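Undergrad: Sequence and predicted model, in that order:
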Amino acid sequence: MERFDFSFKNKYVRWWFIIVLPLIILSAFLIYILPNEHNWITSLLTPIGVILFFIWVWFDKRKNNKSQSH
């Protein structure tokens with residue numbers, strides 16, 4: 001198992017901070033702005049962003065593994 005580098009040299013860490021962290025901040029901000037009946041939007045925003053991020057990581061790792069095997 002390879003070691004995970006938790007620094008901005010790692011492209012996955014950079015993209016996490018670019019995509020997911022702003023979504024978390026936006027969700028927290030929208031919780032206070034939107035009325036209570038629309039809070040379901042904010043509760044879906046962050047998990048959808050996290051799921052899309054990990055799908056991208058999965059496809060990126062598959063692409064890198066295929067290019068290294070050829």
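TA: Looks like it came in fine. Given the structure is predicted, the values throughout are model-derived calculations rather than measurements. Numbers count the residues shown, from 1 in each chain.

Undergrad: you'd agree Phe53 is up against Ile19?
TA: Yes - contact criterion Cβ atoms under 8 Å: Phe53 and Ile19 qualify, at 5.5 Å. Heads up, the C-betas are built off the backbone N, CA and C, glycines and all.

Undergrad: okay, the two: which has more neighbours?
TA: Neighbours of Phe53 and Ile19, each counted by other Cβ atoms under 10 Å, are more numerous for Phe53; the result is 17 against 14.

Undergrad: Relative to Phe6, how far out is that one?
TA: When distances are taken as Cβ to Cβ, to the nearest Å, Phe53 and Phe6 turn out to be 15 Å apart.

Undergrad: repeat for Trp16
TA: Trp16 sits 10 Å away from Phe6 when distances are taken as Cβ to Cβ.

Undergrad: again with Leu45
TA: For Leu45 relative to Phe6 (Cβ to Cβ), the value is 25 Å.

Undergrad: These two: who's more crowded?
TA: Here Leu45 and Phe6 are set side by side on neighbour count (other Cβ under 10 Å), and the busier one is Leu45, at 15 against 10.

Undergrad: what about the residue nearest to the more buried one when sequence neighbours are not counted, which SS state?
TA: Closest residue to Leu45 apart from its sequence neighbours, by Cβ to Cβ, 6 or more residues apart in numbering: Ser27 at 4.9 Å. State at Ser27, reduced to three classes by DSSP: H, G, I helix; E, B strand; the rest coil: helix.

Undergrad: what does Glu2 give?
TA: Criterion first, three-state DSSP; result for Glu2: coil.
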